[in-house]
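In: coords please:
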Amino acid sequence: MKALLILVSCIVVGRFEGHCQGTIAFSNLAGPGGSSVDAPVTNAAGERIIGAAPYVADLFWSGETNTSIDSLSGSGFNQSFSTTTLYGGGYFFGGSKTLPTTGWILAQVRVWDATYGATYAQARDNGGEYGFSNPILVLLRIPLNPPAELTGLGGFQLERIPEPSSLAFAVIGGSLLPFYFRSCVRRKVR
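Out: The predicted model follows:
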């Protein structure tokens, strides 16, 4: 009798926990022929990303749909891109993913070059390519239903924070030379 009671308790608790989660199809190409979601990603050179490395995509989200984009949290999916050139490339297919909430979420896909950092912020701050999609609202689906698609997601191009060129450093250094010489002359006069 105790075993039966424990089994029933586990089933009931598991059923309630399942309703506290929502599912999403983490893919930037979905629907028949990509008609529902078709949002390819290109690298900083404007070429569609093809291959498993070094780029990864993650879903940043919040259950607060009117929050700032800067306060979105990464879900840790870190999905690689497809190696096929299906529809021209630039797609990732992460499959059905679960988030610890239900209802509407504010979502954004962020992509980065993982050779510059394990996270989006690290790669961006270390000079790697990075980029992000437009923010979208997604109504998560309860498990056992088809996962919600990223409908409304737009394609985007990665960027890189440019490093100053050696010419820029020479110009800056040259413009500071008169101040240096002026301070040297003042020291000799005193």
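
In: give me the below-cutoff pLDDT ranges for this structure.
Out: 1-19, 32-35, 163-174, 176-177, 179-190 (pLDDT under 70).

In: distance between the ends of stretch 63-76?
Out: End-to-end distance of stretch 63-76 (Cα to Cα, to the nearest Å): 16 Å.

In: buried residues in that stretch?
Out: Across stretch 63-76, burial judged by 16 or more other Cβ atoms under 10 Å covers 63, 72, 75. Using the backbone N, CA and C atoms, a C-beta is placed for each residue, glycine as well.

In: excluding its own residues, what touches it? List them.
Out: 58-62, 97, 99, 101, 103-108, 110, 119-120, 135, 137 (Cβ atoms under 8 Å, 6 or more residues apart in numbering).

In: center of this protein - which residue?
Out: Centrality entry for the chain: nearest residue to the mean C-alpha point is Arg110, 1.8 Å, by Cα atoms, centre = their mean.

In: any idea how far that one is from Gln21?
Out: Taking Cβ to Cβ, to the nearest Å as the measure, Arg110 falls 22 Å from Gln21.

In: ok, now Pro146?
Out: From Pro146 to Gln21 the distance is 15 Å (Cβ to Cβ).

In: all helices of the chain, in order?
Out: For the chain, applying DSSP state H gives helices covering 2-18, 120-125, 166-189.

In: contacts only, for Ser36.
Out: Ser36 sits next to 30, 149, 151 when contact means Cβ under 8 Å, 6+ apart.

In: name whatever forms a beta bridge with Thr42.
Out: Arg48, Gln157 (DSSP bridges).

In: quick one: it and Leu158 touch, right?
Out: Yes: judged on Cβ atoms under 8 Å, Thr42 makes contact with Leu158 at a distance of 6.9 Å.

In: neighbour count winner among those two?
Out: Neighbours of Thr42 and Leu158, each counted by other Cβ atoms under 10 Å, are more numerous for Leu158; the result is 22 against 18.

In: contacting residues around the more buried one?
Out: With Cβ under 8 Å, 6+ apart, Leu158 has these contacts: 41-44, 55, 111-113, 129-131.

In: neighbours around Asp55, how many?
Out: Small correction: residue 55 is Tyr, not Asp. Tyr55 has 26 neighbouring residues, counting by other Cβ under 10 Å.

In: can you list the buried residues in the top strand by length along the chain?
Out: The longest strand of the chain (DSSP state E) is strand 104-113. Applying a neighbour-count criterion of 16+ other Cβ under 10 Å, one finds 105-113 buried in strand 104-113.

In: thanks a lot, catch you later.
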